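1. predicted model follows, preceded by the sequence.
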Amino acid sequence: MELWIPITIAAAFLQNLRSALQKHLQGKLGTRAASFVRFGYGFPVAIFYVLSLHFFVGYSFPTPNWTFALWAVIGGLAQIFATILLVHLFSLRNFAVGTAYSKTEPVQAAIFGFVLLGEKLTGGAIMAIVVGVIGVMMISMARLPLSWRNLAVAMTSRTALIGIASGAVFGISAVAYRTASLSLGGPGPVMEAAMTLACVTTFQTAFMLVWMLWKDKREIVQVLVTWRSSSLVGLAGVVGSAGWFTAMTLQQVAYVRALGQIELVFTFMASYFLFHERVNRMEIAGCLLIVCGILGLIFS
């Protein structure tokens, strides 16, 4: 098994854990503050990670350049706004369906990867991604009678458009991060990914702090008051991001994000067992299609 596969599965699990914690926090903090804790409590861990790789493992520091800085900023801003859209989405639909809408990302990531990086996919990989997206579409309209009209409604509703927009911006972010990491030309993918993560999360923290100071200083106080639960979001987010960054340095973004759809399996488990949200047969069928798409991708 190629290394990027278990790394991606672990990252997807941690991303699901982070999203579940953010959904819980949203009621206490609001959308912007609940999004901030992912970065604000995560960046010290990211810096510690890159320093540990240098001092304890022996990796040399890659040398940042202007290409790296440009793509790191693009990726960082895209991830901030994609996270805000996703957290807002949780207030409009249940946790599982809200996450499902954002999982159109692999197709969008494949398009961005082709346009920006010239990356191409095999026929088997394309079919696997399509199967996974069909599963996502089934989940998105699981509460409606099956018809073309309802499919159109499900994919063009306000909730759907926010979710698809979230997936698109996440796709841009992922491609930007891969470009940034590869531009470093460092000692290896682990250190390149770690350096990218440390720089990006530090920038995101500074950007969002300035934003909250400008918009509502009380949000910063709320983030500090809820430090116990907020720090868990930051820890799960930064460790998961380390996995995503490493996997996307090792493999094309579309492949990584397609395999990352396994997060929906974890999401349905969290939706049912943690939030006690009902799951119907079509949602289960959509989830199984996503799993089939993932298996097809792995063995393509």
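-> It's in. Numbering: from 1, shown residues only.
2. show me what contacts residue 121?
-> 110, 129, 252, 254-255 (CB atoms under 8 Å, 6 or more residues apart in numbering). Glycine gets a C-beta too; all of them are placed from N, C-alpha and C.
3. need the max-distance pair from those.
-> 129 and 252 (11.5 Å; CB to CB).
4. higher neighbour count, the two?
-> residue 129 (25 against 21; other CB atoms under 10 Å).
5. that one: which element?
-> Here residue 129 sits within helix 123-140, counting by DSSP states H and E.
6. alpha carbons of that helix, as CSV, please.
-> Coordinates of each C-alpha in helix 123-140 appear next as CSV, following Å, rounded to 0.1, in the frame of the first residue of the first chain:
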residue,chain,number,x,y,z
GLY,A,123,-9.7,6.4,-16.7
GLY,A,124,-10.2,4.2,-13.6
ALA,A,125,-9.6,7.1,-11.3
ILE,A,126,-12.1,9.3,-13.1
MET,A,127,-14.8,6.6,-12.9
ALA,A,128,-14.1,6.1,-9.2
ILE,A,129,-14.4,9.9,-8.5
VAL,A,130,-17.7,10.0,-10.5
VAL,A,131,-19.1,7.1,-8.5
GLY,A,132,-18.2,8.9,-5.3
VAL,A,133,-19.8,12.1,-6.4
ILE,A,134,-23.0,10.2,-7.4
GLY,A,135,-23.0,9.0,-3.8
VAL,A,136,-22.7,12.6,-2.6
MET,A,137,-25.6,13.6,-4.8
MET,A,138,-27.8,10.8,-3.4
ILE,A,139,-27.1,11.9,0.1
SER,A,140,-27.9,15.5,-0.8
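7. going forward, the N-terminal residue is numbered 54.
-> With the count now opening at 54, the last piece we talked about shows up as helix 176-193.
8. and it, what's buried?
-> By 16 or more other CB atoms under 10 Å, the buried positions in helix 176-193 come out as 178-179, 181-182, 184-186, 188-193.
9. so what secondary structure elements neighbour it?
-> helix 148-155, helix 158-170, helix 201-209, helix 306-312, helix 316-326, helix 334-352 (3 or more CB pairs under 8 Å, 6 or more residues apart in numbering; DSSP states H and E).
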